[in-house]
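Participant: Model the following, please.
(chains A, B, C and D)
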There are 2 protein chains.
Amino acid sequence: MRHVAALAGVGVKTVSRVINGEPNVSAATIAKVTAAARTLDYQPDLHAGNLRRADGRTRTIGLLVGSVDNPFSGAVHRAVEDAALARGVAVFASSLDDDPAREQEAVSAFLRRRVDGLILTTISESQAYLAPELRRGTPVVFVDREPAGVASDTVVSDNLEGAAVATRHLLERGHRRLAYLGDRAEIRTAQARRRGFLDELGLAGIATRDIPVIENLHDIETARLAALALLERDDPPTAIFSAQNLVTIGVLHALRESGLQHAIALVGFDDVPLADLLEPGVTVVAQNPQEIGRIAAERVFARLDGDAGPAVRTVVPTRLIERGSGEIPPRERG
Amino acid sequence: MRHVAALAGVGVKTVSRVINGEPNVSAATIAKVTAAARTLDYQPDLHAGNLRRADGRTRTIGLLVGSVDNPFSGAVHRAVEDAALARGVAVFASSLDDDPAREQEAVSAFLRRRVDGLILTTISESQAYLAPELRRGTPVVFVDREPAGVASDTVVSDNLEGAAVATRHLLERGHRRLAYLGDRAEIRTAQARRRGFLDELGLAGIATRDIPVIENLHDIETARLAALALLERDDPPTAIFSAQNLVTIGVLHALRESGLQHAIALVGFDDVPLADLLEPGVTVVAQNPQEIGRIAAERVFARLDGDAGPAVRTVVPTRLIERGSGEIPPRERG
DNA sequence: CTGAAAGCGCTAACAA
DNA sequence: TTGTTAGCGCTTTCAG
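Facilitator: Okay, here's the model as predicted:
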């Protein structure tokens, strides 16, 4: 910057004014400074300015998602990026991998870099460690999973109701021998889906103790193996509710390998790529990751713009998409 | 930091030493400082340190991919993140959307934030604007697409050969009426795939002037519509080569809508989610996005570690995966 | 082993 | 309209 000032024959402050488009600079000076900046390939250092700037903003936010290569996360990320780009804010993205240590490290890495806000998918037992940061005024928005130990803006799908809708859909088609395949049991979001499923069975008067509830499936392969084992039981279910996108994919593989894809009903929670091109199409309770990301970003920016109201919890509705697999009728017990 | 120093009753430099794990501090002092830092919830400001630090590193890199919600991009991103995490480096991620303006803005946003290195997917005619930054010593690695106007490390798939393999695969099964559906014509990567396709037809003695070459398909919907139009021609192809993942998905929709998925052969470039669960399975020339991301990150870090050798161009091989759609024999002309 | 002073690139406050 | 001075939070250099 000094060099630019020297070359343009003005003071550093004038350069600063031109770079930041502040008023009260003559057109001639602007031209001189711009030319000098171009000649020297000057790139302003955002961080140096931040050190002194009144608002102390880095125009940067941190985003922690399940994994940047999961389609749900990708859609959330994209929506957050679009909102951020419109405000000149850059996004740090990290993958959680459902590892509490990664959560802590990612948050710490974000904070050391003085992000203006945080959008977090979490797995730790408690997010109380964020309390000091929240007091300091850093906006934190939790996505996909509710926080524990702190109150802050949260954007989640209607997991309980979505799971209930999926379950009712199967019950209404006459299924009585259902099975639940789901994510890690300690994830509150997974718990909600499990509860939505079991509650609905209870309402239908079905003894849930005989219903297979298989949890802790964390990737396609473990889900596939669990589903294969389930299908080989003496008394296999006539319908499966898979409570997460990777679990659904694992189940799809298992059904296909067993040749049962047209015989056993399946409803998945969260949409799956190309679900409509499969045979049969995969019926899902679709989430709305774009909307989740959009709202999360909106919350962060509203807080940065001064919104000091109490923590807002936004529940994004899910939508049942019938494509075939969820409409398979129960097979006679054989 | 001053507060921590005051609370611990030491000088700021001592705090600095403790935070950075520098030697020559007594255990007692370390304990005092650590305790004070914890009490005050002290988070060191990486950027402030950077201003003065000898190496001037922000421990941050910028990654520009096609779109963070494209599966190929997601896989590249994940590989880059894994490599970066191992070195305590955070990743800024942005989507290019094949928009030259976004490329410039993203790079500029990265540079203003003083990233240590850049991993870029590009769309502009020339990347000559990066020359000053390269001279300054910032490592830049181009992924998926070759740069123009500058020489720097590049990691790409073997697009020419991959496309040739796909084409040969169809030719060997007796197809003569092929069609090419591809991405934007100005993308060099797309050009290479198109050339690989056409060259192979030439080698087989097929007059390429009668071969439909449909380009500038930039999303699923435009690809779907183009494929539908193609299939409704008087003399539709017996085999299609779709040269990008979204194009492949669009073609799959069109084939399905026309009921021709078992009648017309299809080979796609770049793998597609759940390709193996479709009916028929989708034969593809798979790229290796994990490897591309891994190598790109490795190049950046090698440069940061002092590697000053000439620009390295790494070509990551592709792999033909036969799943059914590419093995459909040509239909008699009817 | 520890601390004081200077300065990284920038902006705030004020003066000219 | 423009320039000067101080200082953001840290690390460097050098002195104790």
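Participant: Buried residues in stretch A:201-217, which are they?
Facilitator: Residues of stretch A:201-217 classed as buried: A:201, A:204, A:206, A:211, A:212, A:213, A:214, A:215, A:217 (neighbour count, 16 or more other C-beta atoms under 10 Å in any protein chain shown). C-beta: built from backbone N, CA, C; applies to glycine.
Participant: Then stretch A:87-98?
Facilitator: A:89, A:90, A:91, A:92, A:93, A:94, A:95, A:96, A:98.
Participant: Equivalent analysis for stretch A:243-263, please.
Facilitator: A:243-256, A:260-261.
Participant: starting at the chain centroid, how far to that stretch?
Facilitator: 24 Å (C-alpha atoms, centre = their mean, to the nearest Å).
Participant: Not counting its own residues, what contacts stretch A:214-232?
Facilitator: The contact list for stretch A:214-232, computed with C-beta atoms under 8 Å, 6 or more residues apart in numbering or on different chains, reads A:98, A:179-185, A:190, A:194, A:212, A:236-237, A:240, A:242, A:244, A:246-251, A:253-255, A:257-258, A:260, A:264.
Participant: and DNA strand C, which of those residues reach it?
Facilitator: Checked against DNA strand C using C-beta under 7 Å from any atom of the strand, these yield no neighbours at all.
Participant: domains in chain A, as residue ranges please.
Facilitator: Using the TED database, the domain parsing of chain A gives A:1-44, A:60-155+A:289-315, A:159-287.
Participant: Export these as a markdown table, with columns for mean pLDDT.
Facilitator: Listed next are the domains of chain A as a markdown table, based on pLDDT from 0 to 100:
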| stretch | mean pLDDT |
| --- | --- |
| domain A:1-44 | 89 |
| domain A:60-155+A:289-315 | 97 |
| domain A:159-287 | 97 |
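Participant: Can you lay out the ones you listed as TSV showing distance to residue B:130?
Facilitator: Converted to TSV, those look like this (distance: least, C-beta to C-beta, whole Å):
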stretch	distance to residue B:130
domain A:1-44	10
domain A:60-155+A:289-315	18
domain A:159-287	34
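Participant: can you pull the contacts of residue A:176?
Facilitator: A:206, A:238, A:330.
Participant: just residue A:251 next, same as before
Facilitator: A:181, A:223, A:224, A:227, A:240, A:242, A:266, A:268.
Participant: Quick check: residues of chain A near DNA strand C?
Facilitator: Counting by C-beta under 7 Å from any atom of the strand, chain A sits next to DNA strand C at A:1-2, A:12-13, A:16, A:19-20, A:42, A:44-45, A:48-49, A:51-54.
Participant: Show the buried residues in the residues you listed.
Facilitator: A:1, A:16, A:19, A:42, A:44, A:45, A:49.
Participant: measure the fourth one to residue B:92 for me?
Facilitator: By that I understand residue A:42. Going from residue A:42 to residue B:92 by C-beta to C-beta, to the nearest Å gives 21 Å.
Participant: burial of the residue of the stretch 151-300 of chain A found nearest chain B, as a residue count?
Facilitator: Going by C-beta to the nearest C-beta, chain B is nearest to residue A:273 of the stretch 151-300 of chain A, at 3.9 Å. Residues within reach of residue A:273, counting by other C-beta atoms under 10 Å in any protein chain shown, total 15.
Participant: if I look at the closest residue to it other than its chain neighbours, how far off is residue B:246?
Facilitator: Nearest non-adjacent residue to residue A:273, counting by C-beta to C-beta, 6 or more residues apart in numbering or on different chains: residue B:273, 3.9 Å away. Distance from residue B:273 to residue B:246, counting by C-beta to C-beta: 12 Å.
Participant: all strands in the stretch 151-300 of chain A, in order from the N-terminus.
Facilitator: Under the criterion DSSP state E, counting those that start in this stretch, strands of the stretch 151-300 of chain A are mapped to A:154-157, A:178-181, A:213-214, A:239-242, A:265-269, A:283-286.
Participant: Could I have the CA atoms of the fourth one written out in CSV?
Facilitator: Going back to what we said before, that points to strand A:239-242. Taking C-alpha atoms only, strand A:239-242 is exported to CSV below (Å, rounded to 0.1, in the frame of the first residue of the first chain):
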residue,chain,number,x,y,z
ALA,A,239,-41.1,-53.0,4.6
ILE,A,240,-38.0,-51.0,5.6
PHE,A,241,-37.7,-47.5,6.7
SER,A,242,-34.1,-46.3,6.2
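Participant: Sticking with the nearest residue in space to residue A:95 that is not next to it in sequence, tell me its helix or strand.
Facilitator: Closest residue to residue A:95 apart from its sequence neighbours, by C-beta to C-beta, 6+ apart: residue A:67 at 4.3 Å. Element membership of residue A:67, judged by DSSP states H and E, is empty: it is in no helix or strand.
Participant: ok, residue A:67 - how many residues close by?
Facilitator: 21.
Participant: Could you do residue A:125 as well?
Facilitator: Look at residue A:125: counted by other C-beta under 10 Å, it has 10 neighbours.
Participant: and if you look at residue A:131?
Facilitator: 16.
Participant: Might one say that it is in contact with residue A:150?
Facilitator: Yes. Applying C-beta atoms under 8 Å, one finds residue A:131 in contact with residue A:150, separated by 5.5 Å.
Participant: helices or strands next to whichever strand or helix holds residue A:50 in the packing?
Facilitator: Counting by DSSP H and E, the element that carries residue A:50 is helix A:46-52. Applying 3 or more C-beta pairs under 8 Å, 6 or more residues apart in numbering or on different chains; DSSP states H and E, one finds that helix A:46-52 contacts helix B:46-52.
Participant: elements contacting the helix or strand that the helix it packs on is followed by?
Facilitator: Next in sequence after helix B:46-52, counting helices and strands by DSSP H and E, comes strand B:60-65. Counting contacts by 3+ C-beta pairs under 8 Å, 6+ apart, strand B:60-65 is packed against helix B:71-85, strand B:90-95, helix B:100-112, strand B:117-120.
Participant: Which one of those lies nearest to residue B:311?
Facilitator: Across the helices and strands packed on strand B:60-65, residue B:311 has its closest neighbour in strand B:117-120 (13.7 Å, C-beta to C-beta).
Participant: The next helix or strand after that closest one: how far from the chain's middle?
Facilitator: Following strand B:117-120 in sequence order, the next helix or strand is helix B:131-135 (DSSP H and E). Centre-to-centre, helix B:131-135 and its host chain are 22 Å apart (C-alpha atoms, centre = their mean).
Participant: cool, stretch A:155-162 as well?
Facilitator: With C-alpha atoms, centre = their mean, you get 13 Å for stretch A:155-162.
Participant: for stretch A:295-312, same thing?
Facilitator: Computed by C-alpha atoms, centre = their mean, the chain-centroid distance of stretch A:295-312 equals 17 Å.
Participant: Okay, the residue of the stretch 101-250 of chain A found nearest chain B and residue A:221: tell me how far apart.
Facilitator: Chain B sits closest to residue A:132 of the stretch 101-250 of chain A, with a gap of 4.1 Å, by C-beta to the nearest C-beta. For residue A:132, the distance to residue A:221 equals 40 Å [C-beta to C-beta].
Participant: Give the full set of residues in contact with the residue of the stretch 151-300 of chain A closest to chain B.
Facilitator: By C-beta under 8 Å, 6+ apart, the neighbours of residue A:273 are A:71, B:71, B:272, B:273, B:274.
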